[in-house]
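Peer 1: The following block contains a protein sequence and its predicted model.
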Amino acid sequence: MPAPRAAAHAVVIGSGIGGLTAAVALHRSGWHVTVLERAPSLEPVGAGIALAPNAQRALDVIGLGDEIRGLAAWQGDGSMRTPGGRRLALTSSAAAAERFGGPLVLVHRAILIDALASRLSAGAVRTGSPAQLTDPGVADGRAARVATPDGELEADLVVGADGVHSAVRHALFPGHPGPTYAGFTTWRVVVPAPDKPFEPHETWGAGLLWGTQPLKDGRIYAYGAAVAPAGSHAADDEKAELLRRFGDWHDPIPSIIAAAEPDGVLRNDVHHIIEPLPAFHRGRTALIGDAAHAMAPTLGQGGNQAIEDAIVLAHHAAPRGDLGGCLAVYGAERLPRTSAIVRKSARVSRLMALSSPPAVAARNTLMSAASRLGPGLVLRTFDSIADWRPPQRTYAAGAKDAHRELPAQQ
């Protein structure tokens with residue numbers, strides 16, 4: 001009697017949200033999965049992530065949607081403001097949920113990472129394990145190869161989920177220009193909630209932006225952005241830089257900054273891939289997330305699109321199927337969609353970057369006018385983004401729209 005065939009082996013390089021979602025989805029599809037992570041642990045950056053209905057539907061496919069919605073803060077009504085506190089526009093959570101079939105929720109990245117990792121078998125994730133793609137598996141029938149400190153691994157499929165400066169992407173497409181600086185830098189903090197109640201908001205200044213949003217555990221996730229030269233840093237510390245830039249803005253922004261620990265302020269320059277890749281795969285190796293289509297955070301879709309990628313990839317990549325054809329279909333579905341969102345995110349970034357008084361005044365007038373015409377006009381920005389449906393239409397409790405089967409946000 002012949003020995004049973006071993007499960008097809010997928011190696012995922014990178015254990016961020018996209019990489020772990022791909023690992024879970026592939027594991028559920030019958031793949032034996034190994035995740036290689038350069039960092040010594042899975043501890044993610046101390047920041048939140050907003051999950052729009054499109055990403056939640058993708059998580060529903062792997063049985064995680066209800067769990068994450070239960071652990072997340074559901075976005076309530078809020079506003080867009082000027083630095084002095086004047087409301088430019090109101091945001092309606094009910095209108096968004098009605099238009100896109102569910103709410104936007106906010107969760108700490110550590111919660112999402114832990115939930116994803118818990119769905120993998122013991123030993124599937126190898127931390128402290130930098131990986132190098134040595135052979136993408138281009139030749140017919142040849143396995144892909146990945147070098148690690150513990151030796152070389154053969155893989156039927158390699159998933160490059162190694163971020164905006166992806167070495168896997170460079171190995172597949174060395175002639176592509178890769179990511180470029182988007183013209184601005186960002187800060188992120190997670191702090192205890194201020195003593196006084198506040199309205200969730202996003203505040204737009206001259207080449208500056210600030211957002212304050214509550215997490216379910218009572219803490220606050222806040223983020224700032226500013227037009228700045230690439231690679232610049234504060235002369236003292238980043239908390240002091242935030243105070244210089246945003247310390248005289250409306251409440252609760254100064255108290256949020258004051259509550260931050262100096263070493264808890266995360267700063268990152270923003271890079272995006274404006275020129276699309278020629279494909280999202282080569283041979284037996286596929287790219288997902290920022291490795292494939294890094295985008296500015298101005299639409300909040302970077303992590304959401306990585307989750308979508310992972311679900312679509314696993315849907316098409318049958319363990320014993322025609323992998324080349326499967327990956328070509330994956331790329332054909334994902335490349336046009338993500339390229340369009342990269343471009344749209346860049347356009348919104350340019351609005352944020354406006355700094356001359358006449359341009360800022362015109363932008364503010366436009367925001368106010370759009371709000372007065374109703375929430376639908378503002379929400380139209382997310383049409384064809386937040387209403388995306390995964391290949392497998394799996395919803396919580398069999399619901400047509402997941403948010404209608406779940407309790408209201410506390």
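Peer 2: Noted; the coordinates are in hand.

Peer 1: Quick one: low-confidence residue ranges for the stretch 301-410 of the chain.
Peer 2: 375, 393-410 (pLDDT under 70).

Peer 1: now the helices: where do they sit in it?
Peer 2: For the stretch 301-410 of the chain, applying DSSP state H, counting those that start in this stretch gives helices covering 302-316, 323-352, 357-372, 375-379.

Peer 1: Show me what the longest one is packed against.
Peer 2: It refers to helix 323-352. strand 180-192, strand 266-272, strand 281-282, strand 285-287, helix 290-293, helix 302-316 (3 or more C-beta pairs under 8 Å, 6 or more residues apart in numbering; DSSP states H and E). C-beta here means a position set from N, CA and C on the backbone, and glycine is covered the same way.

Peer 1: Using neighbour counts, pick out the buried residues of that helix.
Peer 2: Neighbour-count burial for helix 323-352 flags 323, 326-327, 329-331, 333-335, 337-339, 341-342, 344-346, 349, 352 (criterion: 16 or more other C-beta atoms under 10 Å).

Peer 1: isn't V45 right next to L266, touching?
Peer 2: Yes: at 5.8 Å, V45 counts as touching L266 under the criterion of C-beta atoms under 8 Å.

Peer 1: shared neighbours, these two?
Peer 2: Common neighbours of V45 and L266 (criterion: C-beta atoms under 8 Å, 6 or more residues apart in numbering): R188.

Peer 1: Can you lay out the helices of the stretch 301-410 of the chain as CSV showing distance to L104?
Peer 2: Listed next are those as CSV, based on distance: least, C-beta to C-beta, whole Å:
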stretch, distance to L104
helix 302-316, 10
helix 323-352, 16
helix 357-372, 18
helix 375-379, 11
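
Peer 1: The most centrally placed residue in the chain and I288, how far apart?
Peer 2: Geometric centre of the chain, nearest residue: G303, 1.2 Å, by C-alpha atoms, centre = their mean. G303 sits 11 Å away from I288, going by C-beta to C-beta, to the nearest Å.

Peer 1: and for those two, which residues touch both?
Peer 2: G18.

Peer 1: Next, the contact list for the closest residue to L64 other than its chain neighbours, please.
Peer 2: Using C-beta to C-beta, 6 or more residues apart in numbering and skipping residues adjacent in sequence, the residue nearest L64 is A115, 5.9 Å away. Taking C-beta under 8 Å, 6+ apart, we find A115 in contact with 64, 67-68, 71.

Peer 1: Out of those residues, name the ones that lie in helices.
Peer 2: Using DSSP state H, the subset of the contacts of A115 located in helices is 67-68, 71.

Peer 1: now the residues you listed: which count as buried?
Peer 2: Buried, going by 16+ other C-beta under 10 Å: 67-68, 71, out of those.

Peer 1: so which of those residues comes closest to G247?
Peer 2: L71 (32.5 Å; C-beta to C-beta).

Peer 1: tell me, how many neighbours does the spatially closest residue to the closest one that is not a sequence neighbour end up with?
Peer 2: Excluding its sequence neighbours, the residue lying closest to L71 (C-beta to C-beta, 6+ apart) is I111, at 5.3 Å. For I111, the count of nearby residues is 19 (other C-beta atoms under 10 Å).

Peer 1: So A55 sits against I307, correct?
Peer 2: Yes: counting by C-beta under 8 Å, I307 is a contact partner of A55 at 4.5 Å.

Peer 1: so what does the lowest-mean-pLDDT helix or strand in the chain touch, helix or strand wise?
Peer 2: Sorting the helices and strands of the chain by mean pLDDT, DSSP states H and E puts helix 375-379 at the bottom, at a mean of 73. Using 3+ C-beta pairs under 8 Å, 6+ apart, the elements in contact with helix 375-379 are strand 87-91, helix 93-100, helix 357-372.

Peer 1: and if we set it to 7 Å?
Peer 2: helix 93-100, helix 357-372 (3 or more C-beta pairs under 7 Å, 6 or more residues apart in numbering; DSSP states H and E).

Peer 1: returning to what we had before: now the residue nearest to L64: which helix or strand?
Peer 2: If you go by DSSP states H and E, A115 is part of helix 109-117.

Peer 1: And the helices in the stretch 101-250 of the chain?
Peer 2: Under DSSP H, counting those that start in this stretch, the stretch 101-250 of the chain gives helices at 109-117, 167-172, 238-246.

Peer 1: Make a markdown table out of those helices and add distance to V11 and mean pLDDT.
Peer 2: Output for those, formatted as a markdown table (distance: least, C-beta to C-beta, whole Å; pLDDT from 0 to 100):
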| stretch | distance to V11 | mean pLDDT |
| --- | --- | --- |
| helix 109-117 | 16 | 96 |
| helix 167-172 | 10 | 98 |
| helix 238-246 | 36 | 97 |
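
Peer 1: now, of these, which is deepest in the fold?
Peer 2: helix 167-172 (a mean of 22; mean count of other C-beta atoms under 10 Å).

Peer 1: Touching it from outside, list them.
Peer 2: With C-beta atoms under 7 Å, 6 or more residues apart in numbering as the test, helix 167-172 has contacts from 13, 132-133, 136, 160, 162, 178, 282, 285, 287, 291.

Peer 1: Could you identify the buried members of those residues?
Peer 2: Judged by 16+ other C-beta under 10 Å, buried ones among the contacts of helix 167-172: 13, 133, 136, 160, 162, 178, 282, 285, 287, 291.

Peer 1: ok now do the fourth one, which residues does it touch?
Peer 2: Taking C-beta under 7 Å, 6+ apart, we find G160 in contact with 13, 166, 168-169, 285-287, 291.

Peer 1: repeat that with 8 Å
Peer 2: Contacts of G160 by C-beta under 8 Å, 6+ apart are 13-14, 133, 166, 168-169, 172, 285-288, 291-292.

Peer 1: from those residues, which is closest to V360?
Peer 2: For the contacts of G160, the residue nearest V360 by C-beta to C-beta is A292; the value is 34.0 Å.

Peer 1: Touching, the closest one and F280? I think so.
Peer 2: Yes: between A292 and F280 a contact is recorded at 5.2 Å, counting by C-beta under 8 Å.

Peer 1: So for these two, which residues contact both of them?
Peer 2: R334.
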